[in-house]
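[1] Predicted model and sequence follow; I will ask about them next.
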Amino acid sequence: MQTTIDEESSANTITNIIIICSTVDMAGQNIKDHLLKLREWDRLEVPSALVEDVSEVYVSDNFRIVEVKEHHIYQDGIDEKLMKAGFTCDLIIFASKHRSADGRRLLTSHFTGNPGSADFGGNPGELAKAAPFALRSILLSMSEMAGAIGYDVSMESTHHGPSDLNVPSVYAEIGSSESEWVDTDAGDIVACAILAVEQVKCPVAIGFGGGHYAARQTNLILSSDVTFGHNFPNYQIQNVDRDMFRQAVERSGADLVYCDRKSMSSGDRNKISELADSFGLELLREGDINEMRGVRWDDLRIFLHKVKEYDPSGRVKFSEGIRKRLGESYLTGQDKVGMSVTTIRVDQELIKLVKSVDIIALKKVLQNSNIVYFELEDATVSNMFFTFWKQDAEDFLTFIVNECIKILKERYDTEYVFDENVLRITDDRFNPDLARKMGVPPGPMFGKLASGESITIDGRTIEPEMVRERTKKSVVVNNAIF
């Protein structure tokens with residue numbers, strides 16, 4: 001179901017998983033009933049150390065269902081209690097209801113903790129240890145099935161207890177009212193997603209901005225090669241100081257930071273940017289994360305840093321050729337440790353000319369090449385390009401010059417003198433001053449002459465070539481590889 005992203009990221013079964021349900025949670029009971037139907041379970045005697053807290057325990061292979069007597073949001077330290085009772089666990093999944101006044105038919109997953117006060121379990125200013133890979137697995141599984149029964153799927157931002165958990169944990173929920181909590185189809189989907197949970201490693205982001213339901217973060221999980229740890233909506237950013245940021249990084253195992261920039265104030269964006277810098281983490285935009293498709297996080301970081309050497313606001317872009325090249329290097333086990341990035345500089349004047357003729361065509365050419373390029377603030381492209389492989393760089397120089405000349409020929413007469421690296425351009429275009437001297441008034445007639453049509457004024461025919469001016473220029477194509 002999920003795509004392998006990292007060279008170590010095979011779909012791994014998590015060794016010991018404990019699913020916690022509560023006797024006072026209707027949706028949790030619904031999910032538990034379907035868990036019991038989906039595979040064979042043995043009922044175990046509740047250990048004496050857990051009798052006061054637990055009503056039932058079931059086991060099936062690497063899964064245990066533990067039914068607690070009180071609501072699970074108040075189960076701080078349940079991981080230690082389970083361990084002491086002999087129930088080792090690598091992951092805890094809470095099967096729960098989601099309550100919302102809007103009555104949405106919604107399946108959700110999220111992590112627990114309290115960036116601010118602890119109004120619903122847990123401790124103030126404390127985050128539980130997150131399970132980012134399980135979150136991604138559960139959301140992807142639920143999204144494949146939820147549409148058929150009219151439910152949406154969303155990651156929620158971090159909220160409520162328990163917060164005192166040192167075993168990675170995640171909530172899987174049915175929302176948003178009693179009619180959904182007892183919906184057997186919804187219970188079956190969440191149970192299936194829990195039993196299908198996989199640990200497929202990929203880059204982990206901590207998220208900031210947006211609302212409680214983290215729409216953009218959810219979309220990134222479902223559409224790109226990234227997952228999320230703890231997430232803070234706009235109304236919680238006031239509670240994010242250096243200590244809370246550190247907790248989010250450590251309790252999520254974060255590789256990077258994401259901000260829903262469009263939803264945030266400039267002050268909040270600057271605050272998170274400064275915190276990310278102080279922890280040495282990359283702050284990425286949606287476009288940057290989408291570029292991660294099929295590219296290892298370590299490789300992406302290398303090229304991000306190269307781009308920032310030339311333009312701090314540059315947006316890294318991977319061509320289809322280099323995606324394939326990088327993928328082949330993973331499959332063959334090619335060791336890129338110690339390999340330096342080869343930088344290619346294509347003559348700035350040449351790129352500027354081509355951009356003025358057809359920037360879309362230039363971007364298509366670059367996507368069909370075998371290099372990394374980057375876009376500038378104005379959405380055009382830089383004249384600097386990158387790769388790991390020297391031969392690819394040399395091939396690219398020949399390729400890009402030839403393709404640039406093809407684009408320029410759509411507008412200019414061109415001649416490239418290879419021995420001299422000189423591009424000669426002849427521009428033959430409409431000259432308004434010449435047209436005025438011949439009595440042509442500005443307006444529609446200018447347009448006709450500029451587009452190559454003849455016009456008639458006072459019985460005189462004026463041909464397009466009569467008001468065109470020819471200019472010639474030579475561009476020394478100064479390319480380099482270093």
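    Thanks, I have the structure now.

[2] element containing the spatially most central residue of the chain, please.
    Closest to where the C-alpha atoms of the chain average out (C-alpha atoms, centre = their mean) is residue 289, at 3.2 Å. Applying DSSP states H and E as the criterion places residue 289 in helix 286-290.

[3] Can I take it that residue 103 is in a strand?
    No - assessed by DSSP: H, G, I helix; E, B strand; the rest coil, residue 103 does not belong to a strand; its assignment is coil.

[4] thought residue 322 was touching residue 373?
    No - using C-beta atoms under 8 Å as the test, residue 322 is too far from residue 373 to be in contact (9.5 Å). The way it works is simple: take the backbone N, C-alpha and C, and place the C-beta from them, glycine included.

[5] More neighbours: which of those two?
    The neighbour count for residue 322 versus residue 373, taken as other C-beta atoms under 10 Å, is higher for residue 373 (28 against 25).

[6] wait, is the more buried one part of a helix?
    No - read with three-state DSSP, residue 373 is strand and lies in no helix.

[7] what's the nearest residue to residue 242 if we skip its chain neighbours?
    residue 275 (6.6 Å; C-beta to C-beta, 6 or more residues apart in numbering).

[8] List the residues that contact that neighbour.
    If you count contacts by C-beta atoms under 8 Å, 6 or more residues apart in numbering, residue 275 has them with 240, 242, 245, 257.

[9] circling back: and the contacts of the next helix or strand after the helix holding residue 289?
    Using DSSP H and E, the helix or strand that follows helix 286-290 in sequence is helix 297-310. Around helix 297-310, the neighbours that count as contacts under C-beta under 8 Å, 6+ apart are 6, 202-203, 255-256, 282, 288, 291-292, 314-316, 318, 326, 336, 341, 343, 372, 374, 382, 384, 386.

[10] try 6 Å
    With contacts defined as C-beta atoms under 6 Å, 6 or more residues apart in numbering, helix 297-310 is touched by 203, 255, 292, 314, 316, 341, 372, 374, 384, 386.

[11] what do you get for stretch 172-180?
    So stretch 172-180 is contacted by 27, 93, 95-98, 100, 103-106, 108-109, 138, 181, 186, 190, 194 (C-beta under 6 Å, 6+ apart).

[12] gap between residue 18 and residue 104?
    In this view, residue 18 and residue 104 are 29 Å apart by C-beta to C-beta, to the nearest Å.

[13] Likewise for residue 43?
    Separation of residue 43 from residue 104 (C-beta to C-beta) stands at 35 Å.

[14] more crowded one of the two?
    residue 104 (16 against 11).

[15] So what pairs up with the residue nearest to the more buried one when sequence neighbours are not counted in the strands?
    Nearest in space to residue 104, with sequence neighbours left out and distances taken as C-beta to C-beta, 6+ apart, is residue 176 at 5.0 Å. Counting by DSSP bridges, residue 176 forms beta bridges with residue 99.

[16] likewise residue 385?
    residue 344.

[17] Report the contact partners of it.
    344, 371, 373.

[18] one more time with 10 Å, if that's ok
    Counting by C-beta atoms under 10 Å, 6 or more residues apart in numbering, residue 385 touches 306, 319, 322, 342-346, 366, 369-374, 393, 396-397, 400, 481.

[19] So for it, what's the pLDDT?
    Looking at residue 385, its pLDDT reads 98.

[20] Sounds good, over and out.
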